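Enquirer: Sharing a model that was predicted from the sequence below.
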Amino acid sequence: MVVNIRNLTIDDYEALCALWEEAMLPYRPNGRDTRKNIAAQIDGECSIYLAAEDNGRLVGAVLGTHDGRKGWINRLAVAPDHQRRGIAALLVQEVEQRLIDLGIEIFACQIEDWNDTSMTVFDRLGYTRHDDIIYFTKRLRPDV
């Protein structure tokens, strides 16, 4: 199997949402994950949104971002029938390399406590777990 890693485009939107659903990754199609919002994010200067394709099918995706000093790995998803083939690692490594090319040397991700699969992936990729960090959010609406 040869997987092609490329930039996500807005033309991938429906396949991306289907991938998130198939991988059981929560998403908010009426909030932060609307087509309009994803289009704006893809075009953002701090975004590194990548797709993994197998024979033209979107089988993996990751949304990388940065704030100029730290890179963030977000929404890593791989189709269940393509898991355990190194696709997640390829996507993360590509985001990391692009961040390194921008001079960024710190990478982080946030994983919800129920997502053991993602914790295993990032542990294997050399990420350090920090149980001492408390995460706060403020949402203007519950669906964003």
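Expert: Received it, and whenever you're ready, just let me know what you need.
Enquirer: residues making contact with stretch 9-27?
Expert: Contacting residues not belonging to stretch 9-27 are listed as 8, 29, 33, 35, 38-39, 42, 51, 57-61, 75, 77-80 [Cβ atoms under 8 Å, 6 or more residues apart in numbering]. For glycine as for every other residue, the C-beta is placed from the backbone atoms N, C-alpha and C.
Enquirer: again, only this time at 10 Å
Expert: 6, 8, 29, 33-36, 38-43, 49, 51-53, 57-61, 63, 75-83, 112, 114-115, 117-118 (Cβ atoms under 10 Å, 6 or more residues apart in numbering).
Enquirer: cool, stretch 104-124 as well?
Expert: Residues outside stretch 104-124 that contact it (Cβ under 10 Å, 6+ apart): 23-26, 62, 64, 66-78, 80, 83, 88-89, 92, 95-96, 98-100, 125-131, 133, 135.
Enquirer: Would you mind listing the buried residues in that stretch?
Expert: Ile104, Phe107, Cys109, Ile111, Thr117, Ser118, Met119, Val121, Phe122 (16 or more other Cβ atoms under 10 Å).
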